[in-house]
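>>> Sharing a model that was predicted from the sequence below.
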Amino acid sequence: MSSWFHIMILIPFLFAIAVPYIYKQLTPRIHTGWFVLFIPVLIFVYLFAFIPQISKENTITATVPWIPAYNINFTTHIDGLSLIFGLLISGIGALVILYSIFYMSKHREALHNFYVYLLLFMGAMLGLVFSDNIVVLYVFWETTSVSSFLLIAYWYEREKSRYGAQKSMLITIFGGLAMLAGFIMLSMITDTYSIREMVSNAADIPSHSLFVPAMILILIGAFTKSAQFPFSIWLPDAMEAPTPISAYLHSATMVKAGIYLVARLTPIFGGAAEWFWLVSGVGIITLLYGSVNAVRQTDLKALLAYSTISQLGLIMSLLGLGSASLYYGVGNDSSVYAVAIFAAIFHLVNHSTFKGCLFMVVGIIDHETGTRDIRRLGGLMHLMPISFTLTVIGSFAMAGLPPFNGFLSKEMFFTAVLNVSNMSVFNADAIGLAIPVIAWIASVFTFVYSMILVFKTFRGKNKPEKLGRDVHEAPIGMLISPLVLGSLVMVIFFFPNVLSDYLLNPALHAVLPTLADAGELNVKISAWHGWNTELFMTLGVIGLGALLYIYLKKWYRIYHLYPDNFTLNNMYNLGLEKMESSSKFITERYMTGFLRDYLVYIFSFIILVVGGAMWLFDGFSFDPSSDAPANFFELGLMFAMIITAITVLFSKTRLTAIVAVGALGFLVSFFFVLFRAPDLALTQLVVETVTTALFLLCFYHLPQMKKEISRVRFKAVNAFISIGVGVLVTIVALAANGNRLFESISSFYENSYELAGAKNIVNAILVDFRGFDTMLEILVLTVAGLGVYTLIKLRPRRDRNEGAE
Amino acid sequence: MKEPNDVIIRSVTKVAVVIIFTFAINLFFSGHHYPGGGFIGGLAFASAIILLFLTFDIETVRKNIPVDFKVLAAVGVLIAVLTGVGAILFDAPFLTQTFGYFNLPIFRKTELATAVIFDIGVGLAVIGTSITIIMSIGDDR
């Protein structure tokens, strides 16, 4: 069974190979999506079968070795948290693919690209949530970033798509690299790559000096991925992707990878004050930032993007607040805060349902009317009644109104922030009071933009003259997916405890294992819990929100007060521009195009580094005692070599120089013969022959050698560097002979006949013992050859014409 | 420009190239037990082709040896990598080489080693790359 689970993760990758062939054979008869649809459905059913086991608090672990020498193995771990994510990825994946079959035209679009990227993402995301090994997790993490990049740039002929793709790539990969550094630190602290082993040793980790750096670096990774402030700017630009992708990657799954990581690592970092403040602080700022900015958007997808940012901030802050429960250890206090974690997971599921639904409906509107601009839309209620109903369900859930699932998790969110204001640890006095206030204000704005989404689009006057086409309801195939999600929104409201018993509580226990072992965690969800503060907060949100919506025109101008120059986007663009221009500036300083300059850089660097190292580590020690005496042949060869070398220096023509250099090389090979190294001698002979021929060919293109008239300083630098390198290499060679730090390893290779069946040790080393080196060497060689070919043969045609003139 | 009188080099080359080719192949196969091997064999082979380039012009040689040397280099690398992958199929780490002794009809007891296949890859990559470089530089006039 263990291998089956790995195969499930790999199936999307494997099937992606087949997609282009299917596309080529069957387009335009059958939409490629129908074949792809099988994969997520299969995975969903397979994962669904795990629910009974997981709900009984069992976890399943399976390992397939990958790089066992470094303890890096593909270990999968299924518990409540990863199962929820797995079900979301495959379930929403299936719905999105079904939706895309109707959204993406099989006649016009490059569907093979689309589905290959989509499957790539799906596999990577599944691998991410089920990996126990952090190195494997990192690999999958970056794969999701890459596939997201490809999908955003799907319509690559549009400039905005390319811009958005580059932005998301730069930001998320930057975060991913920071996270990798954090992971490495974490593995240095705990001496393991397994998350479960880290969790079981969690008690010893906070005292380590790398604890806080590792935490911050990992959080940067999580924040960039989950579009937290100030890294959130990539998400609105990612909306250039086709709408099914926005629904899938940029609202339901990929952006939740950061949330997943934070939840997964809560048992390790939770309970520390830095973690608490960073996660909940950034989360709550993101919540406010996203909701305030969503109101000013006129593009429906941009509005949803900002609302996604805001909702992600909400979930993130809940995880931060809930981490306080680990500070208290086992007890009544802790279970109060553990509710926040529960609410985070609950809201995560809810958000995926209602936001996925909303994105799909916006896609339908875009598809049917040809625009997503709120200013051009209106009065669509009668034309698109089903879409309208779905929008109402989604938006009201987002605003936190009953009878939709968002209400339940929003109430729990209010409970969590109210608990913080009573908290006495982490110096939470003053700021602790501010958190509920910020949360409430953000909720008011959430209400406002939810209303904008519903009423500006569907009510008001129909503006057919601005659309220029007949608008009607979408085909039923397109409506199935949002209908499924919309009905889930309702079902979860009425039967939340089914979800809670089977999935949410096991997930909660996975996040807080120590508390779960004490048996104090079992959260029940109830829609009605009396006239408490939370309910009054919701009522306040509705009241003030409705007022703000009605008088939107009156106060909308405050958005124009904020200067455009200070937006994060502007800073990003400016930063990118400055980075480009300054790197160009620096590059142009030293890339002179003059070959001699480059040689000067290279050789003076060698003198500096090697000579410096010799000097620093006192490497100048010579031990001639074990040297053999030089005999007549060797002395003769040496003098011959010196003579040829000097000939090169004083030769008047290039041909003389080339011949002299060749002669020098052949003389060196005689040395190899004298020292009984026939392999080396042979190699040297052949290499020398080929390079001399090569020189002669190059020589053909070079101008006649002129007597160079140059300044004394120029020559002095040349002389200094060349003599310096010569002296240095001689010293290094002599010193290397005098020092012996380690035992010789040559004895191992002496048994080459027994080990490799080869009597020639040199060749056995090349092809067997150090085969990896050889393989990479010939790869480098080939790449270099292709490089020469491209440089010479594939120059732009313009250059060639100029050269001919 | 006057046609150069190169009868001698042409005549010598025709014979010498055959000898060098034979020697190169010998070098290649003897590499397992005696001096030689894929790298040296490949380079010797390449030097014979270079001799052809120098004697006759590139166009003639290209017509008579219709091989794309870029592809040859890539094939060489591919062979080398695939022998490594082959080891994985037998549940051994990547690039594990093995050898055995077999009784073949004519050669009697013969040692067959997977390292030779790897070496073929090395040889082809070396031939392909060196000829690619020399052809690109030599052809650019």
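Cool, got the structure.
>>> what separates A:Phe346 from A:Asp597, distance-wise?
A:Phe346 sits at a distance of 64 Å from A:Asp597 (criterion: CB to CB, to the nearest Å). (Glycine included, C-beta is placed from N, CA and C.)
>>> Tell me which of these two has more neighbours.
A count of neighbours by other CB atoms under 10 Å in any protein chain shown puts A:Phe346 above the other of A:Phe346 and A:Asp597, at 29 against 12.
>>> Just give me how far the helix or strand containing the more buried one sits from the chain centre.
Element membership of A:Phe346, judged by DSSP states H and E, is helix A:332-369. Helix A:332-369 sits 23 Å away from the centroid of its parent chain (CA atoms, centre = their mean, to the nearest Å).
>>> again, but for stretch A:257-267
In terms of CA atoms, centre = their mean, the centre of stretch A:257-267 is found 15 Å from the chain centre.
>>> then it to PDB, C-alphas only?
C-alpha atoms of stretch A:257-267 as PDB (Å, rounded to 0.1, in the frame of the first residue of the first chain):
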ATOM      1  CA  ALA A 257       0.700  26.200   0.800                       C
ATOM      2  CA  GLY A 258       2.100  28.900   3.100                       C
ATOM      3  CA  ILE A 259      -0.800  28.300   5.500                       C
ATOM      4  CA  TYR A 260      -0.100  24.600   5.400                       C
ATOM      5  CA  LEU A 261       3.500  25.100   6.200                       C
ATOM      6  CA  VAL A 262       2.800  27.400   9.100                       C
ATOM      7  CA  ALA A 263       0.200  24.900  10.400                       C
ATOM      8  CA  ARG A 264       2.600  22.000   9.900                       C
ATOM      9  CA  LEU A 265       5.400  23.700  11.800                       C
ATOM     10  CA  THR A 266       3.300  25.100  14.600                       C
ATOM     11  CA  PRO A 267       4.200  22.200  16.900                       C
END
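>>> So what touches that stretch?
The contact list for stretch A:257-267 (CB atoms under 8 Å, 6 or more residues apart in numbering or on different chains) reads A:81, A:85, A:125, A:128-129, A:141, A:144, A:179, A:195, A:199, A:202, A:218-219, A:221-228, A:279, A:312, A:315-316, A:319, A:322-323, A:326, A:341, A:344-345, A:348, A:511-514.
>>> which of the residues you listed come close to chain B?
Among the contacts of stretch A:257-267, no residue sits close to chain B (CB under 8 Å from any CB of the partner chain).
>>> In strands, which of these fall?
Using DSSP state E, no member of the contacts of stretch A:257-267 falls in strands.
>>> Filter these down to the buried ones, PyMOL style.
Of the contacts of stretch A:257-267, the buried ones go into a single PyMOL selection, burial set by 16 or more other CB atoms under 10 Å in any protein chain shown:
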select buried, chain A and resi 81+85+125+128+129+141+144+179+195+199+202+218+219+221+222+223+224+225+226+227+228+279+312+315+316+319+322+323+326+341+344+345+348+511+512+513+514
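>>> out of the contacts of stretch A:257-267, which are inside helices?
A:81, A:85, A:125, A:128-129, A:141, A:144, A:179, A:195, A:199, A:218-219, A:221-225, A:279, A:312, A:315-316, A:319, A:322, A:326, A:341, A:344-345, A:348, A:511, A:513-514 (DSSP state H).
>>> so what's residue 50 up against?
With no chain named, the answer covers chain A. Neighbouring residues of A:Phe50 by CB under 8 Å, 6+ apart: A:Ile60, A:Ile78, A:Leu83.
>>> Hmm, no, I was thinking of chain B.
Applying CB under 8 Å, 6+ apart to B:Ile50 gives the contacts A:Val690, A:Ala693, B:Ser130, B:Ile131, B:Ile134.
>>> And these, which two are furthest apart?
The distance between the two most remote of the contacts of B:Ile50 (CB to CB) is 11.2 Å, for A:Ala693 and B:Ile131.
>>> Looking at those two now, which is surrounded by more residues?
The neighbour comparison of A:Ala693 against B:Ile131 (other CB under 10 Å) goes to B:Ile131, with 26 against 21.
>>> Would you mind listing the residues in contact with the more buried one?
Taking CB under 8 Å, 6+ apart as the criterion, B:Ile131 is in contact with B:Ala46, B:Ile49, B:Ile50, B:Phe69, B:Leu72.
>>> Is it within a helix or a strand, and which one?
helix B:114-139.
>>> got it, and B:Asn103?
strand B:99-104.
>>> Could you list the buried residues of that strand?
B:Phe99.
>>> For that strand, list the C-alpha coordinates in CSV.
Taking C-alpha atoms only, strand B:99-104 is exported to CSV below (Å, rounded to 0.1, in the frame of the first residue of the first chain):
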residue,chain,number,x,y,z
PHE,B,99,31.6,-7.0,-15.6
GLY,B,100,31.5,-10.7,-16.2
TYR,B,101,33.3,-13.4,-18.1
PHE,B,102,31.5,-15.2,-20.9
ASN,B,103,32.4,-18.0,-23.3
LEU,B,104,31.8,-16.5,-26.8
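>>> what does that strand rub up against?
A:Ala756, A:Gly757, A:Ala758, B:Lys109, B:Thr110, B:Glu111, B:Leu112, B:Ala113, B:Thr114, B:Ala115.
>>> I'd like those residues laid out as CSV, including pLDDT and distance to A:Phe455.
Shown next, in CSV, are these (pLDDT from 0 to 100; distance: CB to CB, whole Å):
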residue, pLDDT, distance to A:Phe455
A:Ala756, 73, 78
A:Gly757, 74, 81
A:Ala758, 76, 81
B:Lys109, 71, 90
B:Thr110, 71, 86
B:Glu111, 73, 84
B:Leu112, 75, 80
B:Ala113, 78, 78
B:Thr114, 79, 73
B:Ala115, 80, 75
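>>> hey, where'd the helices end up in chain B?
Here chain B has its helices, by DSSP H, at B:7-30, B:38-55, B:58-64, B:69-89, B:114-139.
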